[in-house]
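# Fold the following, please.
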Amino acid sequence: LLEATPAKKRLKGEFKLLCVGRLVRLKNFEIVIKALSLFSNSTLTIVGDGPEKDSLQRLAVDLNLNKRIEFIGHTTDVYKYYEKCHALVIPSFTEGFPLVLAEACSFGVPVIASDIEQLKDINLISQYFNNLDELSLVSSLEKLKYEYEYWAQWTWNNYIESYSYNKVKLEYNKIIEGLS
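Prediction:
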C-alpha cells in the first residue's frame with residue numbers, strides 16, 4: 001500500500017463518491033446508484049468490471065444519472081481515484097477485510113459501509129448503513145458530508161494508529177522476536 005498524507009479536500013462543489021470492486025450482485029453497487037438519485041450535488045465513480053456492468057449502466061440511464069456517474073472499468077491505477085474522492089462506499093452483502101478499505105483510508109478518505117457483521121469491528125469505517133435501504137445510505141452520506149473534515153481526520157488518525165506501514169512493521173517485529 002502507498003501511504004499518502006491525509007487528503008485535504010474541501011467540500012466545494014460536488015461531493016465525490018467512489019466504489020471499487022468487481023461488478024457482481026454480491027457487491028450491491030445498485031443501491032449506491034439508487035441513493036445517488038436522492039443525494040443532490042454529488043457524483044459517483046465506479047472502478048471495476050464484471051457481469052453487472054451493463055445493468056448498472058442501464059440503471060444509471062433509467063434514473064437520469066448517466067452524467068453524474070462514471071464507469072471506469074478495471075484499472076491497476078486505482079490510487080488516483082482515492083486522491084479525487086471525498087468518500088468510499090462499500091455496499092456489499094458480504095465481505096472479508098476489503099483491501100479497498102485500507103487503500104482508501106491510507107489517503108484519508110472516509111468510508112461508508114454496509115452494516116454487515118463482517119465489517120462491524122473494523123475501526124476505519126466512518127458510517128454504517130442498511131444495505132437494503134437506499135434512504136439509510138443517503139442518511140449516512142448526509143452525516144458524513146455535514147461533518148466531512150472531522151471524519152476525514154478521524155479516518156486518517158485511525159489508519160495511522162492501527163494499519164500504517166510502521167505500525168504493521170512494529171507488530172511483525174514483536175511476533176518475530178517472540179519466536180526467538
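
# now what about stretch 134-141, what contacts it?
Outside stretch 134-141, the residues that touch it by CB atoms under 8 Å, 6 or more residues apart in numbering are 15, 17, 31-32, 34-35, 38-39, 42, 87, 89, 91, 112, 127-131. All C-beta atoms are positioned from the backbone trio N, CA, C, and that covers glycine.

# measure the nearest residue to residue 13 once chain neighbours are set aside to residue 151 for me?
Closest residue to residue 13 apart from its sequence neighbours, by CB to CB, 6 or more residues apart in numbering: residue 41 at 7.7 Å. Remark: distance between residue 41 and residue 151 (CB to CB, to the nearest Å) = 18 Å.

# Residue 94 now?
In this view, residue 94 and residue 151 are 25 Å apart by CB to CB.

# out of the two, which sits in the more crowded spot?
Each of residue 94 and residue 151 has its neighbours counted (other CB atoms under 10 Å); residue 151 has more, 22 against 13.

# which parts of the helix or strand hosting the more buried one are buried?
Assessed by DSSP states H and E, residue 151 sits inside helix 148-162. Buried residues in helix 148-162, counting neighbours by 16 or more other CB atoms under 10 Å, are found at 148, 151, 152, 154, 155, 156, 158, 159, 160.

# Residue 177: what secondary structure?
Here residue 177 is helix, with the state taken from DSSP: H, G, I helix; E, B strand; the rest coil.

# Not counting residues beside it along the chain, what's closest to residue 24?
Residue 24 sits nearest to residue 50 (CB to CB, 6+ apart), 5.0 Å away.

# re the thing from before, contact partners for the residue nearest to residue 13?
Residues near residue 41 by CB under 8 Å, 6+ apart: 13, 14, 15.

# Show the buried residues in the residues you listed.
Here, 16+ other CB under 10 Å leaves residue 15 buried among those.

# Sitting in strands, which of the contacts of residue 41 do you find?
Using DSSP state E, the members of those that fall in strands are residue 15.

# Among the contacts of residue 41, find me the one that's closest to residue 99.
residue 15 (23.9 Å; CB to CB).

# and that closest one, how far is that from residue 24?
According to CB to CB, residue 15 and residue 24 sit 26 Å apart.

# Remind me which helix or strand the closest residue in space to residue 55 that isn't next to it in sequence belongs to.
Residue nearest to residue 55 in three dimensions, not counting chain neighbours: residue 30, with 7.9 Å by CB to CB, 6+ apart. For residue 30, the host element (DSSP H and E) is helix 29-36.
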